[in-house]
Every structure is written in structure tokens, then in C-alpha cells.
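Chemist: sharing a model prediction with you, sequence too.
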Amino acid sequence: MGRLSALAGVAVGLAYALAWLVWAARTPAERRLETALHSLTAALVLAPLPWEATLRFHAVTTWTAGGILLFFTAEIIGIPAAKSRFTGAGRDRGWSGHWLGHGGQQGSGHTGGPVL
């Protein structure tokens, strides 16, 4: 019986974690607990992967591991912003209002969604 290479195993693990993130993003915004649990599952699947892939399997470089963590962190943080953008929740605040706790772009008169 054959075995997967270390790099293929890392790729499968990353795809599995990404699938959980996609599931979290596609869960309706009203079901916050379910969205949070799917995101948490993705984070728990992902957490040991860069460590093991870099130090134990030597399948990826430290820069690649850092890039993986950066990508998944941005995706996990972006789920609430994306949900509010598409559902209309939080439309009284700009994108920065979601994270900084203030309403919209101060002094600009902007009260819509994220400024892109």
C-alpha cells in the first residue's frame, strides 16, 4: 500500500481546513454559533499544520508556513465582515467600524458598507 508524501498530506490538511472556512462563510448570518463553531474547527485543524509541516516533516519553508497562517487569519477575520456586507447587517458602520468599535468613517459622512 502506498503512502502520501508529506507535501501532499499538508495540502490535504489545508484543503480540509479551507473547506471548514467555506462552510462557515456559507452558513446564514443568523446562525452565529454554527458559524463560530465552523470557524473554530478550521482554526483547530489548521493550528498544528504549519508547525508539523515545517519542523517535523520539512515539507514547507518557514516563509511558506507564515504565508499559510497569514492567509487563514485574514480569511477567518474576514468572515464577519463579508456576512455583514452581503446580509445588510451592520450597514450603519464602515468596514473599520466592525473592528475598531466606532461608526463608519469619522467625519466623512460615509455610512454604508466597506470602503473598497
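Modeler: That came in fine, so what should we check first?

Chemist: show me the shaky parts of the protein.
Modeler: Judged by pLDDT under 70, the chain has its weakly predicted residues at 1, 83-116.

Chemist: what about 90?
Modeler: 1-4, 24-25, 28-30, 32, 35-36, 39, 43, 72-116 (pLDDT under 90).

Chemist: that one: helices as residue ranges?
Modeler: Here the chain has its helices, by DSSP state H, at 6-26, 32-46, 48-51, 62-87, 95-100.

Chemist: let's have the ones you listed in CSV, adding mean neighbour count.
Modeler: (Each C-beta comes from the backbone N, C-alpha and C, glycine too.) Formatted as CSV, these follow (neighbours: other C-beta atoms under 10 Å):
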stretch, mean neighbour count
helix 6-26, 16
helix 32-46, 16
helix 48-51, 16
helix 62-87, 15
helix 95-100, 15
